[in-house]
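Colleague: Mind looking at a prediction? Sequence and model below.
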Amino acid sequence: MTSQSQGIQQLLQAEKRAKDKLEEAKKRKGKRLKQAKEEATAEIDHYRLQREKDFRHKQSNIMGSQGNLSTKIDEETTAKIRDLTSNYHKNMESVIGRLLNEVYHIDPELHVNYAYTI
C-alpha cells in the first residue's frame, strides 16, 4: 500500500514540477513578447522621427522656393501698379477732354433708317 501511495506522491510531484515548468515558460514567453513590443515601439518611434525630419527638410526647401516666388510676384505686381498709375496720370487729361468734347459738341442729324414722309 505504501508503494502505491509513494507512486501516487511521485506522480503528484511530477505533475507539480511540470505545472511549474509550464508557468515558468509562460512567464518567459510573456516577458519576451513584452520586450519585443518595446523594441518594436522604439523602432517605430525612431522611424517616425526620421520621416518627420525628412518631411520638415523637404517642406522648408519647398516653402523657401515659394517664398522667393512670392517675393518676385509682389515685386512684379508693384511694378505693374506703378506703370498703370503713371499711365493714368499721363492720359487722364486727354481722355477727359475727349469725353467732354463728345458730350458738348453734338451734331444733330437724322438716322439713316428714318423714313421721311410728307
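Modeller: Yep, that arrived. Residues are numbered from 1 along each chain as shown.
Colleague: Quick check: M92 vs R98, distance?
Modeller: Separation of M92 from R98 (CB to CB, to the nearest Å) stands at 11 Å. For glycine as for every other residue, the C-beta is placed from the backbone atoms N, C-alpha and C.
Colleague: meant to ask about L11
Modeller: 122 Å.
Colleague: now T117
Modeller: Counting by CB to CB - T117 and R98 are separated by 37 Å.
Colleague: For the two, indicate the residue with more neighbours.
Modeller: R98 (10 against 4; other CB atoms under 10 Å).
Colleague: Which helix or strand contains the more buried one?
Modeller: R98 belongs to helix 2-104 when assigned by DSSP states H and E.
Colleague: That helix - what's its average pLDDT?
Modeller: When pLDDT is averaged over helix 2-104, the result is 91.
Colleague: how distant is it from the center of its chain?
Modeller: Counting by CA atoms, centre = their mean, to the nearest Å, helix 2-104 is centred 9 Å from the centre of its parent chain.
Colleague: now swap in stretch 111-118 and tell me
Modeller: On the basis of CA atoms, centre = their mean, stretch 111-118 sits 72 Å off its chain's mean C-alpha point.
Colleague: Could I have the CA atoms of that stretch written out in PDB?
Modeller: Written as PDB, here are the backbone C-alpha positions of stretch 111-118 (Å, rounded to 0.1, in the frame of the first residue of the first chain):
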ATOM      1  CA  HIS A 111     -30.800 108.400 -88.500                       C
ATOM      2  CA  VAL A 112     -30.300 106.600 -91.800                       C
ATOM      3  CA  ASN A 113     -33.200 104.300 -91.200                       C
ATOM      4  CA  TYR A 114     -35.600 107.100 -90.500                       C
ATOM      5  CA  ALA A 115     -38.100 107.500 -93.400                       C
ATOM      6  CA  TYR A 116     -39.300 111.000 -94.000                       C
ATOM      7  CA  THR A 117     -42.800 111.100 -95.200                       C
ATOM      8  CA  ILE A 118     -44.800 114.100 -96.200                       C
END
